[in-house]
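S.K.: Need coordinates for the below:
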Amino acid sequence: PNVFRVEAAAFMDCTGLTNISFGSGVTRLDTSAFSGCTGLRNIAIPSNITSIGIGTFSSCSNLESIAFGDSLDSIGRAAFSNCPSLTRLVLPSALTNIGDASFAVCPRLSAVLFNGDAPPHGTNVFMGSDQVVVYYRAGTAGWADTYAERPTALWGPVPQPADFGPGPDGFGMDTTWIGGQTAVMEACEDLSAPDWVPVATNTFSAATSRYTDPGWTNHPHRYYRFRMP
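M.R.: Have a look, this model is predicted:
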């Protein structure tokens, strides 16, 4: 409980380190604290940690996933740079700063999802991470067509009009979204007093998933929407 920070380079280049568990008193991770820890694959950063320092997890070449706590406020310069195994990130709404080159040279990183408003950022945040699309939630502020020089898109599944209509399994639609994400299709009969009922829950194993409503003919009108579970 008396440990409140992991100091600079504390575990740098500890290639045999495979798991990290942070105590409830830790609030910050300092410069290069876990840089070069190639044995790390998954990291859970609890809500008590509010700051990640410069290069803290840089060059963790096998790091695949990061679970960020809700209270994380600042990600330092090059904090996750040169992490070639990262593919997707979900960032908390508390973020108010993303430093220079925070996610640079992460060539497999394709989706960065923000829960809150667009936070201020430094330069070259995604330099060398050329596949990145930045996703944001409806109702959040500060977003434009690009963020940190990467394209943005609304966070959520997108029905494809060309494949929207009745079929052998019911009324259906091909829908695009990010692999690994789960979304629920709901339906109602009256938009003036909607009673949304779950119809189908799909987890996207690929970029496209098909939703169907086998009972659509039992209703005079049918409206659909998607939500995250």
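S.K.: what sits against the closest residue to residue 28 other than its chain neighbours?
M.R.: Once flanking residues are discounted, residue 28 sits nearest to residue 51: 4.1 Å by C-beta to C-beta, 6 or more residues apart in numbering. Placement of C-beta: from N, CA and C, glycine included. Neighbouring residues of residue 51 by C-beta atoms under 8 Å, 6 or more residues apart in numbering: 27-29, 72-74, 76.
S.K.: gap between the two ends of stretch 81-95?
M.R.: 18 Å (C-alpha to C-alpha, to the nearest Å).
S.K.: Next: stretch 67-86.
M.R.: 12 Å.
S.K.: Can you spell out which residues form a bridge with the residue nearest to residue 28?
M.R.: With DSSP bridges as the criterion, residue 51 is bridged to residue 28, residue 74.
S.K.: Residue 66 too?
M.R.: Under the criterion used here (DSSP bridges), residue 66 is bridged to residue 43.
S.K.: starting at the chain centroid, how far to the lowest-mean-pLDDT helix or strand in the chain?
M.R.: Ranked by mean pLDDT, DSSP states H and E, the helix or strand of the chain with the weakest confidence is strand 158-167, at a mean of 87. Centre-to-centre, strand 158-167 and its host chain are 26 Å apart (C-alpha atoms, centre = their mean, to the nearest Å).
S.K.: what does stretch 163-176 give?
M.R.: 27 Å.
S.K.: let's number from 33 now, not from 1
M.R.: Got it, the first residue is 33 from now on, which makes the last one we talked about stretch 195-208.
S.K.: excluding its backbone neighbours, what's nearest the one residue sitting closest to the centre of the chain?
M.R.: Among the residues of the chain, the one closest to the centroid is residue 122, at 2.4 Å (C-alpha atoms, centre = their mean). Excluding the flanking residues, the one nearest residue 122 by C-beta to C-beta, 6+ apart is residue 145, at 4.7 Å.
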